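*Asks:* Here is a sequence together with a model predicted from it:
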Amino acid sequence: MSHRPIYLDCHATTPVDERVLAAMLPYFTEKFGNPASISHVYGWEAEAAVKQTRETLAAAINATPEEIVFTSGATEANNLAIKGIAEAYFQKGQHIITVATEHKAVLDPCQYLKTLGFEITILPVQQDGLIDLSQLEKACRPETILVSVMAANNEIGVLQPIADIGKICRDRNIIFHTDAAQAIGKIPLDVQAMNIDLMSLTAHKVYGPKGIGALYVRRRNPRVQLAPQQHGGGHERGMRSGTLYTPQIVGFGKAIELALAEQATETARLTQLRESLWKQLSQIAGIHLNGHPTQRLPGNLNISVEGIDGAALSLGLQPVMAVSSGSACSSAVTAPSYVLTALGNSEQLAYASVRFGIGRFNTSEEIDIVAKHAIATIQSLRKQKTLV
Ligand SMILES: *Cc1c(COP(=O)(O)O)cnc(C)c1O
């Protein structure tokens, strides 16, 4: 254990909190019933557990329990939201607006809809990663059926002005979807105050299990129609068929409950750790902070370094820290991060970048070790470069 690198990749995933695991365990063996079984206690206790998570999630975002649709994660929730709206509203219009820095689980469904004849506007971002609200206003048309803008970015942690976007959409009767996979449990979210109609959630970025998420679907003012993308037994009010995965749902509820209870203290602690890391790293010449300096997730720091090779940087950091870098292959191909290039970074800066995702189990001692090693790595790479 002690020789494993320090985990600082909390935007990719997080460990399951022991308290979450403890809550889940009885639902694998003892309370294993199908929540859809209505004629015996096995079904009832599973259904009661599912109901409790539905209530926890609804309370977390100021929704009602009937507005929560369980999915396998945020990827599925995004697909259900975007394709489900396109299919239900195509007679009203076929124009969708999204943003260049969205997760692929938003951009790819939009790209797919384009092949079916929908028109997609992809808004650029400013240098700090935020969208320009006047550009959004200009992009809205009578035939616009959906605006999809994420709450918190998974690479640069930038928080979009969700309440302002919600207001713009509501004033024009356009449905507003937000991918809140990185935001839930970390920043306050309120579907009423922010005029959000659809919201994608996932458990594994907040110390819950992988393979469980949810889509919030507004039922009133207005009632949002959604065409199901998976048909079967009619679970989740017909919007997403398939036997509910009770242990994961229990873990999801516990994870959100803990995150909300600890949100204020954790925000303060993580912000301090992030600022300490940046204070140390910013001593180096030619180091840049990617994304807005304060309007970002408390645990996110994303930097680019001038004049060094991204792959060499990534290799140099690896023994000490588990971070994500701009030169990491996102699939099979090595390409610079499209999020960082959307901010106006050169290819070199996009490659020579590091995303630090600080989380619940990181300590200030770890941050100091990481800062020292990162500085030493960058200095040594620069020295090597001047020698050749
Ligand atoms: C992780 C992530 C997703 C994908 O979520 P899964 O639950 O892993 O499918 C989608 N959007 C954002 C912003 C994410 O960070």
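*Replies:* Happy to help now that I have it.

*Asks:* Relative to Lys51, how far out is the closest residue in space to Arg170 that isn't next to it in sequence?
*Replies:* Distances taken as C-beta to C-beta, 6 or more residues apart in numbering put Asn195 closest to Arg170, at 4.2 Å, once the chain neighbours are dropped. Where C-beta positions appear, they are placed from N, C-alpha and C, glycine not excepted. In this structure, Asn195 and Lys51 are 27 Å apart, going by C-beta to C-beta, to the nearest Å.

*Asks:* Next: Ile367.
*Replies:* 40 Å.

*Asks:* list the contacts for Pro188?
*Replies:* Shown in contact with Pro188 (C-beta atoms under 8 Å, 6 or more residues apart in numbering): Gln263.

*Asks:* ok, the closest residue to His373 other than its chain neighbours - contacts?
*Replies:* Spatially, and ignoring its direct neighbours in sequence, His373 is nearest to Val320 (4.4 Å; C-beta to C-beta, 6+ apart). By C-beta under 8 Å, 6+ apart, the residues touching Val320 are 5-6, 369-370, 373.

*Asks:* which ones among those residues are found in strands?
*Replies:* Members of the contacts of Val320 lying in strands (criterion: DSSP state E): Ile6.

*Asks:* Narrow the contacts of Val320 to those that are buried.
*Replies:* Buried by 16 or more other C-beta atoms under 10 Å: 6, 370, 373, out of the contacts of Val320.

*Asks:* check contacts around Leu381.
*Replies:* Taking C-beta under 8 Å, 6+ apart, we find Leu381 in contact with 308-309, 312-313, 316.

*Asks:* got a pLDDT number for it?
*Replies:* For Leu381, the pLDDT comes out at 94.

*Asks:* what's the distance between it and Met24?
*Replies:* 44 Å.

*Asks:* Identify the residue of this structure closest to the ligand, quick one.
*Replies:* Proximity of the chain to the ligand (C-beta to the nearest ligand atom) peaks at Gly73, 2.5 Å away.

*Asks:* pretty sure that residue is in contact with Ile212, am I right?
*Replies:* Yes - under the criterion of C-beta atoms under 8 Å, Gly73 makes contact with Ile212 at 6.7 Å.

*Asks:* Of the two, which one has the most company?
*Replies:* Shown here are Gly73 and Ile212; by other C-beta atoms under 10 Å, Ile212 has more neighbours (26 against 21).

*Asks:* if we can go back for a sec, report the set of residues contacting both of Gly73 and Ile212.
*Replies:* Joint contacts of Gly73 and Ile212 (C-beta under 8 Å, 6+ apart) are 202-204.

*Asks:* Compile those residues into JSON lines and extend it with columns for secondary structure and neighbour count.
*Replies:* As requested, these are exported to JSON lines (DSSP: H, G, I helix; E, B strand; the rest coil; neighbours: other C-beta atoms under 10 Å):
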{"residue": "Thr202", "secondary structure": "strand", "neighbour count": "28"}
{"residue": "Ala203", "secondary structure": "coil", "neighbour count": "32"}
{"residue": "His204", "secondary structure": "coil", "neighbour count": "23"}
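
*Asks:* thinking again about what came up before, settle it for me: which of Ile367 and Lys51 has more neighbours?
*Replies:* More neighbours surround Ile367 than the other of Ile367 and Lys51, with 22 against 14 (other C-beta under 10 Å).

*Asks:* Can you name the helix or strand that the more buried one falls in?
*Replies:* Assessed by DSSP states H and E, Ile367 sits inside helix 364-387.

*Asks:* May I have that helix as CSV, with CA atoms only?
*Replies:* Below are the C-alpha coordinates for helix 364-387, written out as CSV (Å, rounded to 0.1, in the frame of the first residue of the first chain):
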residue,chain,number,x,y,z
SER,A,364,-2.0,18.3,3.5
GLU,A,365,1.2,16.1,3.9
GLU,A,366,0.3,14.4,0.7
ILE,A,367,-0.2,17.8,-1.1
ASP,A,368,3.3,18.9,0.1
ILE,A,369,4.9,15.7,-1.2
VAL,A,370,3.1,16.0,-4.5
ALA,A,371,4.0,19.7,-4.9
LYS,A,372,7.7,19.0,-4.2
HIS,A,373,7.9,16.1,-6.6
ALA,A,374,6.0,18.0,-9.4
ILE,A,375,8.4,21.0,-9.0
ALA,A,376,11.5,18.7,-9.1
THR,A,377,10.2,16.8,-12.1
ILE,A,378,9.5,20.0,-14.1
GLN,A,379,12.9,21.5,-13.2
SER,A,380,14.7,18.3,-14.1
LEU,A,381,12.9,18.1,-17.5
ARG,A,382,13.9,21.7,-18.2
LYS,A,383,17.5,21.0,-17.3
GLN,A,384,17.6,17.9,-19.6
LYS,A,385,16.2,20.0,-22.4
THR,A,386,18.9,22.7,-22.1
LEU,A,387,21.6,19.9,-22.1
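
*Asks:* How about that helix, which residues are buried there?
*Replies:* For helix 364-387, a neighbour-count test (16+ other C-beta under 10 Å) marks 366-367, 370-371, 373-374, 377-378, 381-382 as buried.

*Asks:* Hmm, which of the residues you listed is lowest in pLDDT?
*Replies:* The member of these with the lowest pLDDT is Arg382, at 91.

*Asks:* Now that residue: closest residue in space that isn't a chain neighbour?
*Replies:* Going by C-beta to C-beta, 6+ apart, Arg382 has Ile308 as its nearest residue, at 6.4 Å.

*Asks:* which ones are touching Ala352?
*Replies:* Per C-beta under 8 Å, 6+ apart, neighbours of Ala352: 304-306, 308-310, 313, 326-327.

*Asks:* Just the buried ones from those?
*Replies:* For those, buried by 16+ other C-beta under 10 Å: 304-305, 308-310, 313, 326-327.

*Asks:* Brilliant, that's me finished.
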